[in-house]
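J.: Based on what follows, work out the 3D shape:
(one chain, ligands or ions: 2)
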Amino acid sequence: MEEHLKPLGEKTLPEKLFLLRFKVDKDNHLILNKDVCWECDERVCLFICPSEVYRWDEGRKEVIVSYEGCLECGSCRIACKEGAIDWRNPRGGFGVSYKFG
Ligand code: SF4
Ligand code: SF4
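T.: Ligands and ions are numbered 1, 2, ... in the order given. Next up is the predicted model:
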């Protein structure tokens, strides 16, 4: 069998972890309009994000954003019907890198 048609071998955990790399910027690239979020009942951002960037802080009674783990998929931008997320790409050189594109 030709080499490129052979099944991929099992990966070790370190190899799997290196499929993604994050270079975290000091600036948050996901800014919420807190006034709009305050009025929001559905809070779909808490459920749509594959990386759990958005979490509900019960003490502060608000959605908090851990932008450091953002995969830049854009799902939250579409899912928030209120348009409350000022969504930007991280600055050049920052954010997530995918080993396979
Ligand atoms: S970001 Fe959008 S979905 Fe999430 S709480 Fe704010 S308004 Fe609601
Ligand atoms: S862009 Fe994707 S990974 Fe980043 S916060 Fe939005 S839903 Fe989560």
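J.: all contacts plus neighbour counts: C-alpha atoms, from now on.
T.: Fine.
J.: how about the residues of this structure that lie near ligand 2?
T.: Within the chain, the residues that sit near ligand 2 (C-alpha under 6 Å from any ligand atom) are 48-51, 53, 70-76.
J.: Give me the buried entries from the residues you listed.
T.: 48-49, 53, 70-72, 76 (16 or more other C-alpha atoms under 10 Å).
J.: Can you list which of those residues are found in helices?
T.: Of these, the ones assigned to helices by DSSP state H are 48, 76.
J.: Which one of the buried ones among the residues of the chain next to ligand 2 is nearest to Glu2?
T.: Taking C-alpha to C-alpha as the measure, Glu2 lies nearest Leu71 of those, at 34.1 Å.
J.: State the pLDDT value of Thr12.
T.: Thr12 carries a pLDDT value of 75.
J.: Next, count neighbours for it.
T.: 8 (other C-alpha atoms under 10 Å).
J.: Quick check on it: phi, psi?
T.: Thr12 adopts backbone torsions of phi -80, psi 160, taken as degrees, to the nearest 10.
J.: Distance of it relative to ligand 2?
T.: Distance, Thr12 to ligand 2, by C-alpha to the nearest ligand atom, to the nearest Å: 25 Å.
J.: quick one: contacts for that residue?
T.: Thr12 makes contact with no residue under the criterion C-alpha atoms under 8 Å, 6 or more residues apart in numbering.
J.: From ligand 1, how far out is the residue most central in space within the chain?
T.: Nearest to the geometric centre of the chain sits Cys70, at 2.3 Å (C-alpha atoms, centre = their mean). As judged by C-alpha to the nearest ligand atom, Cys70 and ligand 1 stand 14 Å apart.
J.: Understood, closing this out.
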